[in-house]
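# I'd like to go over a predicted model; first the sequence, then the structure.
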There are 4 protein chains.
Amino acid sequence: MSDAHQDTADGVNADRIAKAAGDAMWADDRATQGMGMTLVSVTAGRAEITMPVREDMVNGHQICHGGFIFALADSAFAFACNSRNLVTVASGARIDFLRPAKLGDVLTAVSSAVHQGKRTGIYDSVVTNQKGTIIAQFRGNSATIGGALTHIKEEQA
Amino acid sequence: MSDAHQDTADGVNADRIAKAAGDAMWADDRATQGMGMTLVSVTAGRAEITMPVREDMVNGHQICHGGFIFALADSAFAFACNSRNLVTVASGARIDFLRPAKLGDVLTAVSSAVHQGKRTGIYDSVVTNQKGTIIAQFRGNSATIGGALTHIKEEQA
Amino acid sequence: MSDAHQDTADGVNADRIAKAAGDAMWADDRATQGMGMTLVSVTAGRAEITMPVREDMVNGHQICHGGFIFALADSAFAFACNSRNLVTVASGARIDFLRPAKLGDVLTAVSSAVHQGKRTGIYDSVVTNQKGTIIAQFRGNSATIGGALTHIKEEQA
Amino acid sequence: MSDAHQDTADGVNADRIAKAAGDAMWADDRATQGMGMTLVSVTAGRAEITMPVREDMVNGHQICHGGFIFALADSAFAFACNSRNLVTVASGARIDFLRPAKLGDVLTAVSSAVHQGKRTGIYDSVVTNQKGTIIAQFRGNSATIGGALTHIKEEQA
């Protein structure tokens, strides 16, 4: 179902590029850090991030605000679509909310490439809770602007 | 372009119900308050909310995380689609990001009903900055679960 | 709510360009003609098309197949987003089906620009029936590839 | 990535129900037949349909109208989401057009459940051409209205 491709013949190499790009993005991203997210992994065309649902993320019924569920899915999408080390932004996204997330839940978003063309891409992020129950399905559209996120040293890449 | 209708013959009455429902939602919503939002107005099928872009909402390039732009649009949507005083949730949404929002910008989301059926609805939220430039277009799908958000006293409604 | 802009200072001129571009597109479009559509008007950033629901468009319950409702909305979108006389394609679209269309109904789609940047745009198409009842809401994403659709003579433009 | 479940403990049984429901739908559907579609298979939560791109489906550049690509994906979605033998309609859908389809191409849409709750569901349809190249990605939202599509005899179910 996926026609996403790696940009190098060498998958291991593509994963190293992905990790370097992810580290560079993460270091600067106060928003993602401020929401208490943890970057679990970034490989070529894929990223995984977790986030506990905090008190300042819920409404009076202890249900997580949809904005934070979107933010988690969107962050995983951002790391996945920038994993080629080419500056890439989200042009849009659709999210379907399937079940509520509650105070204290630990959410995980896994984003993976459904399509990556030269310039535009589609990535699906699936958000689950600590029981593995799916909370939301997210599909993002990316646009590559160009330029490298980080300089990758030869021995690194 | 809109076939959204008010649930009472009396528009003024519908607006009073909307305000009471909005006040009840707001009082309990730590997430919306925690993001520094201000509820400007809620009338029948419409809500307006503002939010300054804070330091903990931006990445290293001082650009607002898309999750917070979505959260603002989604909050305005929530207040608009609950303005009938019937408990209503977001089942999904699409957002298109048109321009970046920056640290210090003050964003405004205005959400209004495009369609409100008996159970499902569609609402558009438009997010602008302090110059009136459109930052994002958001279209949400709502599902009414039923039950009143708040008891509205006769003299109030 | 719209920040779509015309590409010439002269609105009348932009409308003439739109009409010439629409005529050029229409002449070649067997699909749109084959579905029995009528191009009512094309102006800058806007197009209106009608289509009767035929026997070969319905299922056993005499309800119009969603594909034809989408096709009508998509055609109006195509004429609207090509009205600058720059070759533009649909990159994606979301449709919400609000009410069924029936055999013999005459549907109208009006598409108008919500946003038109240098390269990408957003257009909303609203599909109504002969009573003015809204059947579907459609939001399309466009990508301008470049190049003119048609050569516009000076006296024409 | 999928939490779609079959409604019977017996997968074989669910597939027989799916086939009977699909046959009942197909018999009545002039629209799907009129577009030259072939129903390849329907199993529980999944359907596959093919369609050649005909002369009356293309524009002057021999490119298939997006409406017919949508219609194919939407038909596969309809058969997949009705495979429980409960009357189910499309409430909305998003399509991303990745590559053009051309006159004479034979397109295949495979639709499968991403989520099926009691009432609402999400289904992904992937449209490919005869070379296996992905033409479009489609995600549909379904709403189950209730009632059986067809009476399934005991020996059949």
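In hand now; what should we look at?
# mind listing the strands in chain A by residue range?
For chain A, the strands defined by DSSP state E cover A:38-43, A:46-52, A:86-97, A:106-116, A:120-128, A:134-148.
# Packed most tightly, which of those would that be?
Mean neighbour count (mean count of other Cβ atoms under 10 Å in any protein chain shown) peaks for strand A:120-128 among the strands of chain A, with a mean of 24. For the C-beta atoms, the positions are set from N, CA and C on the backbone; glycine is no exception.
# quick one, that one and strand D:134-144 angle?
40 degrees (axes from the mean of the first three to the mean of the last three Cα atoms, to 10 degrees).
# Any part of strand A:120-128 near chain B?
No: on the criterion Cβ under 8 Å from any Cβ of the partner chain, strand A:120-128 is out of touch with chain B, staying 11.7 Å away.
# State the phi and psi torsions of A:Met37.
phi -80, psi 150 (degrees, to the nearest 10).
# quick one: contacts for it?
A:49-51, A:72, A:75 (Cβ atoms under 8 Å, 6 or more residues apart in numbering or on different chains).
# so can I have a markdown table of those showing distance to B:Gly36 and pLDDT?
Formatted as a markdown table, the contacts of A:Met37 follow (distance: Cβ to Cβ, whole Å; pLDDT from 0 to 100):
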| residue | distance to B:Gly36 | pLDDT |
| --- | --- | --- |
| A:Ile49 | 24 | 98 |
| A:Thr50 | 25 | 98 |
| A:Met51 | 20 | 98 |
| A:Leu72 | 20 | 98 |
| A:Ser75 | 20 | 97 |
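# Which members of those residues are the farthest-apart pair?
A:Thr50 and A:Ser75 (10.5 Å; Cβ to Cβ).
# which residues are in contact with both of the two?
A:37, A:109.
# so where is chain A shaky, pLDDT-wise?
A:1-11, A:153-157 (pLDDT under 70).
# still on that earlier bit, could you dump the strands of chain A into JSON lines and include distance to B:Ala24?
As requested, the strands of chain A are exported to JSON lines (distance: least, Cβ to Cβ, whole Å):
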{"stretch": "strand A:38-43", "distance to B:Ala24": "35"}
{"stretch": "strand A:46-52", "distance to B:Ala24": "28"}
{"stretch": "strand A:86-97", "distance to B:Ala24": "22"}
{"stretch": "strand A:106-116", "distance to B:Ala24": "27"}
{"stretch": "strand A:120-128", "distance to B:Ala24": "28"}
{"stretch": "strand A:134-148", "distance to B:Ala24": "26"}
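# could I get those strands as JSON lines with distance to chain D?
As requested, those are exported to JSON lines (distance: least, Cβ to the nearest Cβ, whole Å):
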{"stretch": "strand A:38-43", "distance to chain D": "16"}
{"stretch": "strand A:46-52", "distance to chain D": "12"}
{"stretch": "strand A:86-97", "distance to chain D": "5"}
{"stretch": "strand A:106-116", "distance to chain D": "6"}
{"stretch": "strand A:120-128", "distance to chain D": "5"}
{"stretch": "strand A:134-148", "distance to chain D": "5"}
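# which ones are touching A:Ser111?
Taking Cβ under 8 Å, 6+ apart, we find A:Ser111 in contact with A:46-48, A:73, A:76-77, A:79-81, A:123-126, A:138, A:140.
# Close to chain C: what parts of chain A are there?
A:91-92, A:94, A:120, A:141, A:143.
# Tell me which residue is most central in chain A.
Centroid-nearest residue in chain A: A:Ala76, 1.0 Å away (criterion: Cα atoms, centre = their mean).
# Contact partners for it?
A:47-49, A:109-111, A:125.
# just the residues you listed now: which is nearest B:Val58?
A:Ile49 (17.9 Å).
# Enumerate every residue touching that closest one.
A:32, A:37-40, A:72, A:75-76, A:79, A:108-109.
# Looking at those residues, which is nearest chain C?
A:Ala76 (20.6 Å; Cβ to the nearest Cβ).
# ok so, going back, quick check, nearest of the contacts of A:Ser111 to chain C?
A:Gly140 (11.6 Å).
# Who are the contact partners of that closest one?
A:73-74, A:77, A:81, A:90, A:92-93, A:111, A:122-125.
# now swap in A:Phe79 and tell me
A:22, A:25-26, A:39, A:42, A:47, A:49, A:111.
# what distance separates the longest helix along chain A from the centre of its chain?
Counting residues, the longest helix in chain A under DSSP state H turns out to be helix A:11-28. Centre-to-centre, helix A:11-28 and its host chain are 13 Å apart (Cα atoms, centre = their mean, to the nearest Å).
# And for stretch A:62-69?
17 Å.
# does chain D sit close to it?
No: judged by Cβ under 8 Å from any Cβ, stretch A:62-69 stays clear of chain D, getting no closer than 14.9 Å.
# Could you name whichever residue is most remote from the centre of chain A?
Most distant from the centre of chain A: A:Gly60, at 28.2 Å, with distances by Cα atoms, centre = their mean.
# Look up phi and psi at that one.
Residue torsions, per degrees, to the nearest 10, at A:Gly60 are phi -60, psi -20.
# what sits against it?
B:27-30.
# do A:Ile135 as well
Going by Cβ under 8 Å, 6+ apart, A:Ile135 touches A:69, A:97-101, A:107, A:127-129.
# now A:Arg99
A:133-135.
# for it, phi and psi?
phi -150, psi 150.
# and the gap between it and D:Thr128?
Computed as Cβ to Cβ, to the nearest Å, the A:Arg99 to D:Thr128 distance reads 32 Å.
# just A:Ile145 next, same as before
Applying Cβ to Cβ to A:Ile145 and D:Thr128 gives a distance of 29 Å.
# need the contacts of A:Phe79 in JSON lines with distance to D:Glu55, can you?
Putting the contacts of A:Phe79 into JSON lines (distance: Cβ to Cβ, whole Å) gives the following:
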{"residue": "A:Gly22", "distance to D:Glu55": "49"}
{"residue": "A:Met25", "distance to D:Glu55": "49"}
{"residue": "A:Trp26", "distance to D:Glu55": "53"}
{"residue": "A:Leu39", "distance to D:Glu55": "52"}
{"residue": "A:Val42", "distance to D:Glu55": "47"}
{"residue": "A:Ala47", "distance to D:Glu55": "45"}
{"residue": "A:Ile49", "distance to D:Glu55": "49"}
{"residue": "A:Ser111", "distance to D:Glu55": "41"}
